[in-house]
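**Student:** below are the sequence and a predicted model for it; my questions follow.
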Amino acid sequence: MKRIFFTIIIALIHIGSLYGQCNLKLDFSLEKGFSPIRNVLKLSQPDGSTTILLESSVQDTCISYPLKRLGKYRLSVFVEGESIGCESLERFFDLTGEEYLVNATIGLEPSEGHFLITKYSNPSPYVKLKYFCYESRTNGLGPVFSLSNESRDTLYGEWLSGYFWGYFSSLKNGESDRLRCGSICTTFVDRPPLAPGKKTDAYVGSFGVKLHPGDYLFTLYYSTEDKRKGTLSLTREREHYKWMSAVENWHRITCKFDVGPADGFVLSASKKDWKEAVDYLLCDNKPLFNGGTDMDFNRWVINSMDFEGVDKTQSRVTVAFLLSEDGRIIGYKRIGGNELTSLMLEYVRAALRAPRWTPAFHEGKPCKVKLMVSTSICFR
């Protein structure tokens, strides 16, 4: 059944005092064919005052109302119709000064009402998002990000609790355009949420997205409650009418990144490149890292790693890198069935920022090289 909602958008700007400044934007509409006798929308404010935002039987209207106080609000909707009699529902939400947007959506149908309040807040300073790399392989994921949780809360993704799928927008003259996302697939086998002290990967959508060279902003939403975004539960049910509702709180975190071959972190290896590569140990003239061997490379990577948010119960990293003919890392693979741990993610992130190798030669020609690294990291 087609559903038409009316949406309340509260934009909140925190000004560092007992008061915030926010605007309530109300778009009201009803499902086609449903014509109640009267609709009333009331807002009770923290100081005890009540404002009637809407009292009408009109189908569509747009209202803007300023909100200035922090504290507890009560949003109430009343609907009266010949077939349902008088129905009402109220939901509460708090403004603490951390919110930048509250989106309340109410949909009225002949036999059912939907009431969703979604608060959007700034992220915890202990949750950090970093640009990891850009994978441009045929089956790659485009931009890849690393999300670390040093807060005391467990973090949950929007669509599945253990996956953090975000959005991208283009940056032009410092301004970002509308948010866009890749495909979302909620049939993935879920994985555990991000516990305190852990780190995981994040992507644009479920399968990633290929981007043209340019400057971008990655936007990710997470919650500290185990709820799938937009999931309503039965709140009240009577003979002729029932209400579905929820109140959610999501945190937004962003990360600027750029895409292009000049950034040095583009992974472009294909299956053909891996097949053509010569094993490191079999090269006639092995590649050199800063004049040294693969052991010098491993030492450089470990010294360059950022262990904040890394799961220190893991100690083993086994990964294969692919070097191009000019000494750049153009691909990496997990070996066997090894789990993509936060430690491995950080090892690869640091490795992708390493200086170029002196190219290898095989049978008198520069060649691609497969380099396998298996190392243990001791945490003290």
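**Tutor:** Sure, I can see it.
**Student:** quick one: the strands in the stretch 1-150 of the chain?
**Tutor:** Ranges of strands in the stretch 1-150 of the chain, per DSSP state E, counting those that start in this stretch, are 5-14, 19-28, 38-44, 50-56, 61-69, 71-81, 85-95, 99-108, 112-121, 127-135, 142-149.
**Student:** report the angle between the last one and strand 127-135.
**Tutor:** In other words, strand 142-149. Angle, strand 142-149 to strand 127-135, by axes from the mean of the first three to the mean of the last three C-alpha atoms, to 10 degrees: 160 degrees.
**Student:** off-centre distance for strand 142-149?
**Tutor:** The chain centroid and the centroid of strand 142-149 are separated by 9 Å, computed with C-alpha atoms, centre = their mean, to the nearest Å.
**Student:** helix or strand right after it?
**Tutor:** strand 165-172 (DSSP states H and E).
**Student:** got the buried residues for that next one?
**Tutor:** 165-169, 171 (16 or more other C-beta atoms under 10 Å). All C-beta spots, glycine's among them, are computed from the backbone N, C-alpha and C.
**Student:** can you name the residues in contact with it?
**Tutor:** Contact with strand 165-172 is made by 143, 145, 157-159, 176-182, 184, 202-206, 209, 211, 214-221, 256, as judged by C-beta atoms under 8 Å, 6 or more residues apart in numbering.
**Student:** and the residues you listed, which of them are in strands?
**Tutor:** Under the assignment DSSP state E, the contacts of strand 165-172 contribute 143, 145, 176, 202-204, 214-221, 256 to strands.
**Student:** ok, back up a step: taking the buried residues of strand 165-172, tell me the two that lie furthest apart.
**Tutor:** Farthest pair in these (C-beta to C-beta) is Trp165 and Leu171. Separation: 20.2 Å.
**Student:** so which of the buried residues of strand 165-172 sits lowest on pLDDT?
**Tutor:** The pLDDT minimum for these sits at Leu171, where the score is 89.
**Student:** among the strands of the stretch 1-150 of the chain, which is the most enclosed?
**Tutor:** Comparing the strands of the stretch 1-150 of the chain by mean neighbour count (mean count of other C-beta atoms under 10 Å), strand 142-149 ranks first with a mean of 23.
**Student:** in its sheet, what does it sit against?
**Tutor:** Paired strands of strand 142-149, with direction, are strand 127-135 (antiparallel), strand 198-204 (antiparallel) (DSSP bridges).
**Student:** Asp190: neighbour count?
**Tutor:** Other residues near Asp190 number 13, with proximity taken as other C-beta atoms under 10 Å.
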